[in-house]
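> take this sequence and fold it.
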Amino acid sequence: MTSRGTADPHVDTEFDRATAISPDATTPARFHAEFQSTWASLRGVHGGYQAAIAVRVAEAIAQTRRVRTVTATFLRPGQVGPVVLDVDVLRRSRSFTTTVVSISQGGRQVASIRITAIESIEGHDWSTPVANRPAPVGQSVAFTPPPQILHFRQASLLVNSATIPNSDADDARIAGHVRPNDGSVLDAAWLVMIGDWFPPSPFRRVQIPIGGVSIDYTVHLHRTVSLADGEYLEGVFETENSADGIALERGTLCTANGVAVAETFHTRWTG
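Okay, here's the model as predicted:
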């Protein structure tokens, strides 16, 4: 038996299979998963992908509640192979469920991920159009990643030609247009993954791998969306400050008409 949380039913995709979880037969609040080789990254297994698997666990626990905020702390590189996910429900109120998912391999903790899920409620809603957006698709080029970084094969990116990682720029900004390769639904797990999927913006200023190692990653989901054929999500990620070995990257994902979908805060090692 596998679970993919509370997302709308749709055709099975590679991402569904790569983030599938199964409950432990004897231990409550424990799940099992497999880090896939197709998600190998610069150093170990891609962090956003790890967080996406934790989202599947939180969805299984929170049931109908929607995942809204995810904060991951990466303790050591994850490796391809089986993982154990233990979930601790910190609080379950009438509206919120707050959980912490611990990911372990070989008896060592790899990541600790806190997730907040919420009931669908009537609230005070507004959305200011996103101002910091990528250049149009016509001014973007297909991103060609290093062949050994396999997670880049899981989506299609058109990167603004003025923000291609080259290690000697005067800014640290990556902007472009992204969509899944396999028809994946842009649900909470996929959005959490894609918020960490773009090339790290410090690569514009420093030589790879400096600036690519994740320390903490937070993503807030405003809404989930669907893409029509040929449509892309827009993403902009900027690092304006790096001090004492830690850089803060801020990111925004939005629709093609500027509606915010998710915002990210990401600390990266530059020491």
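> run a quick neighbour tally on Ile164.
17 (other Cβ atoms under 10 Å). No exception for glycine: its C-beta is placed from N, CA and C like everyone else's.
> nope, Ala54 is what I was after
Using other Cβ under 10 Å, Ala54 is surrounded by 30 other residues.
> can you name the next helix or strand after the helix or strand where it lies?
With the criterion set as DSSP states H and E, the secondary-structure element containing Ala54 is helix 47-62. Past helix 47-62, heading to the C-terminal end, the next element that is a helix or strand (DSSP H and E) is strand 66-74.
> for that next one, what is the average pLDDT?
Per-region confidence: strand 66-74 scores 98 on mean pLDDT.
> report the inter-axis angle for that strand versus helix 47-62.
Per axes from the mean of the first three to the mean of the last three Cα atoms, to 10 degrees, the angle that strand 66-74 makes with helix 47-62 is 130 degrees.
> other SSEs contacting the helix holding Ala54?
strand 30-35, strand 66-74, strand 81-92, strand 96-105, strand 108-118, helix 188-194, strand 213-221 (3 or more Cβ pairs under 8 Å, 6 or more residues apart in numbering; DSSP states H and E).
> okay, now the sheet partners of the third one, with direction.
Looking back up the chat, that one is strand 81-92. Partners of strand 81-92 in the sheet, by DSSP bridges, are strand 30-35 (antiparallel), strand 96-105 (antiparallel).
> quick one on the thing from earlier: what is the mean pLDDT for the helix holding Ala54?
Averaging pLDDT along helix 47-62 yields 98.
> in that helix, what counts as buried?
By neighbour count on 16 or more other Cβ atoms under 10 Å, the buried set for helix 47-62 is 47-62.
> stretch 248-255 now?
Residues 249-255 are the ones in stretch 248-255 that count as buried (16+ other Cβ under 10 Å).
> one step back: which single one of the buried residues of helix 47-62 is nearest to Gly176?
Proximity of the buried residues of helix 47-62 to Gly176 (Cβ to Cβ) peaks at Gly48, which lies at 16.0 Å.
> list the contacts of that closest one.
The contact partners of Gly48, taken as Cβ atoms under 8 Å, 6 or more residues apart in numbering, are 192-197, 217.
> find the nearest non-adjacent residue to it, please.
By the measure of Cβ to Cβ, 6 or more residues apart in numbering, the closest residue to Gly48 outside its immediate chain neighbours is Asp196, 2.9 Å from it.
> now Pro77
Take Pro77 and drop its neighbours on the chain: the residue closest to it by Cβ to Cβ, 6+ apart is Gly44, 2.8 Å away.
> circling back to that earlier point, as JSON lines, the buried residues of stretch 248-255 with distance to Ala155 and secondary structure would be great.
Output for those, formatted as JSON lines (distance: Cβ to Cβ, whole Å; DSSP: H, G, I helix; E, B strand; the rest coil):
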{"residue": "Glu249", "distance to Ala155": "18", "secondary structure": "strand"}
{"residue": "Arg250", "distance to Ala155": "20", "secondary structure": "strand"}
{"residue": "Gly251", "distance to Ala155": "15", "secondary structure": "strand"}
{"residue": "Thr252", "distance to Ala155": "17", "secondary structure": "strand"}
{"residue": "Leu253", "distance to Ala155": "12", "secondary structure": "strand"}
{"residue": "Cys254", "distance to Ala155": "16", "secondary structure": "strand"}
{"residue": "Thr255", "distance to Ala155": "16", "secondary structure": "coil"}
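> can you give me the neighbour number for the residue nearest to Gly48?
25.
> can you give me every residue that contacts it?
46-48, 51, 214, 217, 219, 264, 266.
> many thanks, we can stop here.
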